[in-house]
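Enquirer: Predicted model and sequence follow; I will ask about them next.
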Amino acid sequence: MTVHPSPSPRAHSGGTRTPPTIATLIILAGVAVTAMNIFLPMLPQIAVDLGVSPAVGQYVLTLFLAATGFAQLFIGPLSDRYGRRPVLLWSVVVFGLGTVVCIFAPNIEILLIGRVLQATSAACIALSRAVIRDLYDRTKAASVIGYVTMAMAVMPMLAPSLGGVIGENFGWRATFVVLFFMALGTFFLIWFDLGETHEPRKEPVSAQVRDYLSLLKEPAFWGYVAASSLGSGAYFAFLGGAPFVGVDIIGLGPGILGVYFGLVAIGYMVGNFISGRYSQRIGIEPMMFYGGIVACAGVGISLFLMSNFTPQAGYLFYPMLLVGLGNGMVLPNANAGAVSVRPELAGSASGIAGFIQIGGGAALASLAGSLITVENQALPLYVIMFLSSLGGAIVAAVMYFRARSRG
């Protein structure tokens, strides 16, 4: 796909002279998602090789999620002040250095340091959304984000499968070698195909801080953030608990576990297609509402099956198709809404939203990973997922009916 987006009057040139292609935005977001989940099937093996418990091994995921969320608090405002392009380039450099640390980590502590450095890949997700908002208005941005994340969803579908196969044949460190070459390729992609889309701000830092704080006083902003964070919370809890359930309770191998993880991505891809196709016609809030209901239903089915019957892979993973579908309808619209409350602060809004969404996800993933055992058949995991999805659906419903009341 080589067609460039049609820039709005807000687009600015710099570095290269054109805005990025849709393909570039897809790859940017896909790199960060791959860094999150390519090694998931190998988490139990990482814990064994480094001589730590499964709960400590979970920190390879949960600490990365927490650091990713925290990094976005700074990445967004920095991109508003200095531009999207330089922040992206430096973030990818740090991501590559962190990946090298992971490849050669002799113990869990060094591996976790590398994972924290890898969290700068958050810029690829947060700023791809900000770039889209730089180029398009609110409803069009929701559709474009939907299409970008639909294509990007191929990465979480393929990455765990790829990681499982690579890990089984070459060891878990090989998955980080793949990430290093992805970081290298991403740097050159940004260098050659991402012109600046945001005019760097000239006012003093104090003025930017005041604007940043004023964004936090916008009720609509918090509604969009809550809907996306709670809606995706079930998925992050699933990431934290599903490897243990799949390997230790159901008895799956890393390769087949990675394939099952791809089912969630299939649902997410379909949901994003629906967002890309219908968000402009139906509206942001209705799409969030319908998606919240679908995701909540998926978790409810999984909770019922896994708590009333002998755990099986189908009971765990097949209902997650609906969770992915619902999230694919909620997240592009909620994210587009969040960065549209104050368009001139799109980078900051995307950063704050990402911090809460991923930071909350890290907390849920850690909680799920710490509570599940073979004895309780991982029931806490499904309860956490259901409560998070239900909360997201309720927030989306409130925003939907408020939007209807405003006409």
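Expert: Cool, the structure landed.
Enquirer: Where does pLDDT dip in this protein?
Expert: Across the chain, the ranges flagged by pLDDT under 70 are 1-17, 138, 150-154, 156-157, 201, 203-206, 208, 407.
Enquirer: report the longest helix in it, please.
Expert: For the chain, the helix that runs over the most residues, judged by DSSP state H, is helix 254-282.
Enquirer: What's the first helix or strand after that one?
Expert: Scanning forward in sequence from helix 254-282 by DSSP states H and E, the next helix or strand is helix 284-308.
Enquirer: quick check: angle from that following helix to helix 254-282?
Expert: Here the directions of helix 284-308 and helix 254-282 differ by 150 degrees (axes from the mean of the first three to the mean of the last three Cα atoms, to 10 degrees).
Enquirer: after helix 284-308 comes which helix or strand?
Expert: That would be, after helix 284-308 and using DSSP H and E, helix 313-317.
Enquirer: Using PDB, write down the CA coordinates of that following helix.
Expert: Taking Å, rounded to 0.1, in the frame of the first residue of the first chain, the C-alpha atoms of helix 313-317 are listed here in PDB:
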ATOM      1  CA  ALA A 313      -8.200 -24.900  24.800                       C
ATOM      2  CA  GLY A 314     -11.400 -24.100  23.000                       C
ATOM      3  CA  TYR A 315     -13.200 -22.900  26.200                       C
ATOM      4  CA  LEU A 316     -10.300 -20.500  26.900                       C
ATOM      5  CA  PHE A 317      -9.500 -19.200  23.400                       C
END
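Enquirer: Would you mind listing the buried residues in it?
Expert: 313, 315-317 (16 or more other Cβ atoms under 10 Å). Yep, even glycine has a C-beta here, placed from its N, CA and C like the rest.
Enquirer: How far off centre is it?
Expert: 22 Å (Cα atoms, centre = their mean, to the nearest Å).
Enquirer: Tell me which other helices or strands the helix or strand that comes right after it touches.
Expert: Sequence-wise, the next helix or strand downstream of helix 313-317 (DSSP H and E) is helix 320-340. Helices and strands touching helix 320-340, as assessed by 3 or more Cβ pairs under 8 Å, 6 or more residues apart in numbering; DSSP states H and E, comprise helix 122-135, helix 138-152, helix 219-244, helix 254-282, helix 284-308, helix 346-371, helix 379-405.
Enquirer: chain center to helix 320-340: distance?
Expert: Using Cα atoms, centre = their mean, the offset of helix 320-340 from its chain centre is 11 Å.
Enquirer: same question, stretch 219-226
Expert: Distance of stretch 219-226 from the chain centroid (Cα atoms, centre = their mean) equals 18 Å.
Enquirer: Tell me the buried residues in it?
Expert: 221-226.
Enquirer: ranges for the helices of the stretch 1-150 of the chain?
Expert: Counting by DSSP state H, counting those that start in this stretch, the segments of the stretch 1-150 of the chain that form helices are 22-37, 43-49, 54-57, 59-82, 84-103, 108-118, 122-135, 138-152.
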